[in-house]
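> Got a predicted structure here, sequence first:
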Amino acid sequence: MSDAASGAPAKIRLRHLAKRFRSRPGMVTAIDDVSVEIAAGCFFMIVGPSGCGKTTLLRIIAGLEQPSAGSVEVLRRDRAKPVNSMIFQGDSIFPWMTVWDNAAYGLVLRGVARSQIREVVGHYLERTGLTRFADAYPHQLSGGMKQRVAIARAFANDPEILLMDEPFSALDEQNKTLLQQELLRIWEEHKKTVVFITHSVDEAVTLGDRIMIMTAQPGRAKAMIDVPFARPRSVLDLRADPRYGALVHRIWGDLREEVQRARAEAHQ
Amino acid sequence: MSVEGAATPELPAPVVEALDAESLLGRHFYELLSVASPLALLGLWEASARLGVVDARFFPAPSGVAETFWSMARSGELWLHTEASLLRLLCGFLVGGIPALALGIAMGLSSLLRALVEPLIAATYPIPKSAIMPLLLLVFGLGEASKVAMVAIGVFFPVAMNAVTGVLEINRIYLDVGRNYRASRWQVFRTIALPGALPFIMTGIKLGVGLGLVLIAISEMLGAKSGLGYLIWNAWEILDVNAMYVGLFTIALLGFFFTHVLNVLERWLVPWKTR
Ligand SMILES: Nc1ncnc2c1ncn2[C@@H]1O[C@H](COP(=O)(O)OP(=O)(O)O)[C@@H](O)[C@H]1O
Ligand SMILES: [Mg+2]
């Protein structure tokens, strides 16, 4: 599926990606023949039932996993920058580092000048409302604050693309809404290409420019949907838009049979 | 924005006043008990020794031991022995502990190294360390080296084994973060493996220091002319029971002191574990 609609050049190109894992009863095909082009600056959402290979796909894009077949291409604009930063599913900030040191991690590893680190990290801590907690350790923070640290760490690293694996799925409804809004606000500054995984249709419609729906295992690209809402978006106002409900309803229609299929397989 | 304000109540809430006063009383009561029980035991011992209930040749009155302690401390003799033991302990600790730390963490990170070295450790660990003293005397002679080696071997095992466990217990996600941020081998070691394993490593160090004290005392009983182990052994040979108790008491004091210092060190090195 090409991205003729936006006209921007493809930032990420996945060609016939497949991944098989060795497992107890034999081989498991996690994802199968996924081909997609993601335009530069696109906030790209991947929705699918749990276990359909979303995390696997993202890890392959991140280079943490080798595909069994197919290829991943990321168009580089600045060789000095890291290709990607990932926000992992679950708690991934280091418990042994302060909020500041966590956020500065990527820059410190790369040996960026101290004054620049201070400026960049200070900026993203401010944007995530963490300035007052710079010297706190993660165990002193709530789940929402920890995810803010993970967001600050990924953005401060200044990568070419951002990969996010269900970063808000463990949060309660209120925190989730707040963080979605904050994420959009931070993303608006540079509009980097994002690949964001979720199992929540609402989240996909709220955040994304395009949504790829995946089939239940093995994960394939089932449908591609453009989200028409203008930016910058207000997460709350969006929900009052009649098109929002219609879009959520439509995507649910696509997704419902996949979720049911995934559940049926799980019960076998 | 009110968002940030909403997160503030996450910090520990103040404790209710009444509850605080009650627990304060309770804490003092237990503190009092923990001081009272050894004092009571000492009093009982003193009385028994004076009344001849226990044999004063084996269990001399604490007042007599205290007197000997004081005179040995003033003459500098006690410090001489303590200093000799501490120096051997320190050398043995560095010689055994530092390689153990490096090897343990490397083993935790590399399954290849683990497969190579783990059987060796599993085979040598159960040998009682005191049983290899004759071998060490043979190899290193009667001098300092055999004593340092004894402590080093004792410290090596708990530190290495806890370091391996510590690294293996680190959540895989942190190692993935390291890879995602392109951390070099050395950076993974320094920013993830070492700090992540530190709680376990501290446990290993505490065990190692305890074992080191045991082993230094034993090794100084064989062919040494100084140290607390020598002091105890020599006291037996000349039947100076008071001096023997001074040696035992000093070792106990050292153990108590090290435990306290290591607890403080742990709180300082592992601030994210303190609740
Ligand atoms: N390292 C692995 N080894 C074996 N099977 C795996 C591994 N990682 C994932 N899988 C399997 O691949 C499938 C997809 O997993 P995952 O990508 O985590 O799904 P999702 O993120 O959509 O919930 C699942 O059936 C899972 O059990
Ligand atoms: Mg997942």
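Okay, I see it. Ligands and ions are numbered 1, 2, ... in the order given.
> What residue, apart from its backbone neighbours, is nearest the spatially most central residue of chain B spatially?
The centre of chain B sits closest to residue B:209, judged by CA atoms, centre = their mean, with a distance of 3.1 Å. Excluding its sequence neighbours, the residue lying closest to residue B:209 (CB to CB, 6 or more residues apart in numbering or on different chains) is residue B:258, at 5.0 Å. (Each C-beta comes from the backbone N, C-alpha and C, glycine too.)
> any idea how far residue B:94 is from that neighbour?
15 Å (CB to CB, to the nearest Å).
> what do you get for residue A:179?
Residue A:179 is 48 Å from residue B:94, where distance means CB to CB.
> likewise residue A:252?
Residue A:252 is 65 Å from residue B:94, by CB to CB.
> got the residue ranges for the helices in the stretch 1-150 of chain A?
A:54-62, A:99-110, A:114-127, A:143-156 (DSSP state H, counting those that start in this stretch).
> actually chain B, not the one I typed
B:2-7, B:17-51, B:62-75, B:77-109, B:111-124, B:133-140, B:144-168, B:172-180, B:185-188, B:194-221, B:228-237, B:241-269 (DSSP state H).
> how about the CA coordinates for the shortest one, as PDB?
As requested, the backbone C-alpha atoms of helix B:185-188 are provided in PDB (Å, rounded to 0.1, in the frame of the first residue of the first chain):
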ATOM      1  CA  ARG B 185      29.500  -3.200  25.700                       C
ATOM      2  CA  TRP B 186      31.200  -1.100  28.300                       C
ATOM      3  CA  GLN B 187      28.200   1.200  28.500                       C
ATOM      4  CA  VAL B 188      25.900  -1.700  29.100                       C
END
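> Report the rounded mean pLDDT for it.
Taken as a whole, helix B:185-188 has an average pLDDT of 95.
> cool, the last one as well?
Within the predicted structure, the mean pLDDT of helix B:241-269 is 92.
> Could you do the first one as well?
Averaging pLDDT along helix B:2-7 gives 39.
> In this structure the residue nearest to the centre of chain B contacts residue B:155, no?
Yes. Under the criterion of CB atoms under 8 Å, residue B:209 makes contact with residue B:155 at 7.5 Å.
> Can you pull the residues that touch both of the two?
residue B:93 (CB atoms under 8 Å, 6 or more residues apart in numbering or on different chains).
> Show me the shaky parts of the chain.
Looking at chain A here, since you left the chain open. Along chain A, the model assigns pLDDT under 70 to residues A:1-7, A:267-268.
> meant chain B, my bad for not saying
Looking at chain B by pLDDT under 70, you get B:1-27, B:274-275.
> Quick check: buried residues in the helix or strand harbouring residue A:260?
Per DSSP states H and E: residue A:260 is located in helix A:242-267. By neighbour count with 16 or more other CB atoms under 10 Å in any protein chain shown, helix A:242-267 contains the buried residues A:244, A:247, A:248, A:251, A:254, A:255, A:258, A:259, A:262.
> Can you name the residue of chain B nearest to ligand 1?
residue B:172 (10.2 Å; CB to the nearest ligand atom).
> Could you tell me how far that residue is located from residue A:66?
For residue B:172, the distance to residue A:66 - CB to CB - is 17 Å.
> repeat for residue A:220
19 Å.
> does residue A:156 really touch residue A:104, like I thought?
Yes. Counting by CB under 8 Å, residue A:156 touches residue A:104, with 6.8 Å between them.
> shared neighbours of these two, anything?
residue A:121.
> circling back to that earlier point, nearest to residue B:83, of the helices of the stretch 1-150 of chain A?
Of all these, helix A:99-110 sits nearest to residue B:83, with 40.2 Å by CB to CB.
> neighbouring contacts of the closest one?
Residues contacting helix A:99-110 (CB under 8 Å, 6+ apart): A:82, A:85, A:93-94, A:97, A:116-117, A:120-121, A:124-125, A:130, A:133-138, A:141, A:149, A:152-153, A:156-159, B:177, B:181-184, B:187, B:191.
> ok, now which ones touch the closest residue in space to residue B:165 that isn't next to it in sequence?
Closest residue to residue B:165 apart from its sequence neighbours, by CB to CB, 6+ apart: residue B:200 at 5.4 Å. Residues counted as contacts of residue B:200 (CB under 8 Å, 6+ apart) are B:162, B:163, B:165, B:166, B:169.
> about what we covered before: list only buried entries from the contacts of helix A:99-110.
Buried among the contacts of helix A:99-110 by 16+ other CB under 10 Å: A:82, A:85, A:93-94, A:97, A:117, A:120-121, A:124-125, A:130, A:133-134, A:136-138, A:141, A:149, A:152-153, A:156-159, B:177, B:181, B:183, B:187, B:191.
> Contact residues of chain A facing chain B?
Near chain B, the residues belonging to chain A are A:62, A:64, A:82, A:84-86, A:88, A:90-92, A:94-97, A:105-106, A:109-110, A:129, A:132, A:137-142, A:144-145, A:157, A:178, A:182 when assessed by CB under 8 Å from any CB of the partner chain.
> Tell me which other helices or strands the helix holding residue A:260 touches.
Helix A:242-267 sits against helix A:201-207, strand A:210-214, strand A:221-226, with contacts defined as 3 or more CB pairs under 8 Å, 6 or more residues apart in numbering or on different chains; DSSP states H and E.
> And the residue of the stretch 101-250 of chain A closest to ligand 1?
residue A:217 (5.6 Å).
> Might you report the residue contacts of that residue?
Residue A:217 neighbours (CB under 8 Å, 6+ apart): A:28, A:29, A:30, A:51, A:52, A:53, A:262, A:265.
> same question, residue A:12
Neighbours of residue A:12 in contact, by CB under 8 Å, 6+ apart: A:37, A:38, A:44, A:61, A:72, A:73, A:74, A:75, A:161, A:193, A:195.
> In this structure the second one contacts residue A:10, no?
So that's residue A:38. Yes. Between residue A:38 and residue A:10 there is a contact at 6.5 Å, judged by CB under 8 Å.
> More neighbours: which of the two?
residue A:38 (26 against 19; other CB atoms under 10 Å in any protein chain shown).
> check contacts around the more buried one.
A:3, A:10, A:11, A:12, A:13, A:14, A:44, A:193, A:195, A:210.
> do residue A:184 as well
Contacts of residue A:184 by CB under 8 Å, 6+ apart are A:207, A:231, A:232, A:233, A:235.
> Go through these and say which is closest to residue B:214.
residue A:207 (61.5 Å).
> sorry, back to before: so among the residues of chain A next to chain B, which ones count as buried?
A:62, A:64, A:82, A:84-86, A:88, A:91-92, A:94-97, A:105-106, A:109, A:129, A:137-138, A:140-142, A:144-145, A:157, A:178, A:182.
> Next, format the helices and strands packed on helix A:242-267 as a markdown table and append mean neighbour count.
Listed next are these as a markdown table, based on neighbours: other CB atoms under 10 Å in any protein chain shown:
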| stretch | mean neighbour count |
| --- | --- |
| helix A:201-207 | 23 |
| strand A:210-214 | 23 |
| strand A:221-226 | 16 |
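> Now render the ones you listed as TSV, adding distance to ligand 1.
Listed next are the helices and strands packed on helix A:242-267 as TSV, based on distance: least, CB to the nearest ligand atom, whole Å:
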stretch	distance to ligand 1
helix A:201-207	14
strand A:210-214	8
strand A:221-226	13
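> TSV please, covering the ones you listed and showing distance to residue B:87.
What follows is the helices and strands packed on helix A:242-267, written out as TSV (distance: least, CB to CB, whole Å):
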stretch	distance to residue B:87
helix A:201-207	64
strand A:210-214	66
strand A:221-226	70
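> about what we covered before: closest to ligand 1 among the contacts of residue A:12?
Once CB to the nearest ligand atom is applied, the member of the contacts of residue A:12 that ends up nearest ligand 1 is residue A:61, at 12.0 Å.
> Tell me how many other residues crowd the closest one.
Residue A:61 has 22 nearby residues by other CB under 10 Å.
> Give the closest residue to it in space, chain neighbours not counted.
residue A:72 (5.6 Å).
> bridging residues for that neighbour?
Beta bridges link residue A:72 to residue A:14, judged by DSSP bridges.
> Cross-check the contact I'm expecting between it and residue A:19.
No. Under the criterion of CB under 8 Å, residue A:72 is not in contact with residue A:19, lying 11.3 Å apart.
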